[in-house]
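[1] after the sequence you'll find the predicted model.
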Amino acid sequence: HQPRRGPRSPAFLASGLRTALGAAVLVPVMVARRRASGRPPFPRLPPRDAAPLGGIAPLGGIAPLGMFAFSPLMIYGMREVTGAVGSVVMATTPAVTALGAVLFMRQRLGARRAAAIALAAAGVLVVNLLGGISGGGGGTLWLGTLLVLGAVYGEAAYTLLGKRLTADLSPLETAALASA
């Protein structure tokens, strides 16, 4: 089975434009709301949000990892796998996020969380070892799976960094500053 290939699109350009559009809309809204409530236009970040979280400063890492890396990896990965395989891999996002929370945010693993992570990993392995859900396989199946899995990691990083930032900033401030 050879996945259908559509027209080539500049995925990185599209992600960059989406992030720039977000900044163009969200930053003025954030500044207006802060000024209307008598606060300075930009929030002061607590030192912990500028300090590395697993080697990544939360505010500096949220846009490139979650917003910018997700789309290109997903688009290029889905070119190589069927929709069913891509869906199975994307379904690991909660387990990957939970694992990241354990590793980087000191959340407790627990038996249920460990079982969920193991089942998600097993599902991806089974799909790939059996040559995909609807047949096919080979190098493009593994390449596509790895690219979609990279998108999953980007989404998990975005979620965890956003959780960290929203402890001190509003969701609007987090989104505006991350896209700026």
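    Yes, it's here.
[2] can you show me the helices along the chain?
    11-36, 47-50, 58-62, 70-78, 83-90, 93-104, 110-129, 139-165, 171-179 (DSSP state H).
[3] looking at those, which has the lowest confidence?
    The weakest mean pLDDT among the helices of the chain belongs to helix 47-50, with a mean of 62.
[4] find the residue at the geometric middle of the chain.
    residue 155 (1.4 Å; C-alpha atoms, centre = their mean).
[5] so it sits against residue 95, correct?
    No - using C-beta atoms under 8 Å, residue 155 makes no contact with residue 95, being 11.8 Å away. From N, CA and C alone the C-beta is placed, and that goes for glycine too.
[6] what about the closest residue to residue 147 other than its chain neighbours, neighbour count?
    Residue nearest to residue 147 in three dimensions, not counting chain neighbours: residue 77, with 3.0 Å by C-beta to C-beta, 6 or more residues apart in numbering. Residues near residue 77, counting by other C-beta atoms under 10 Å, number 23.
[7] for residue 170, phi and psi?
    The phi/psi pair for residue 170 (degrees, to the nearest 10) reads phi -70, psi 160.
[8] how about it, what does it touch?
    By C-beta atoms under 8 Å, 6 or more residues apart in numbering, the contact list for residue 170 is empty.
[9] I'm done for today, thanks for sticking with me.
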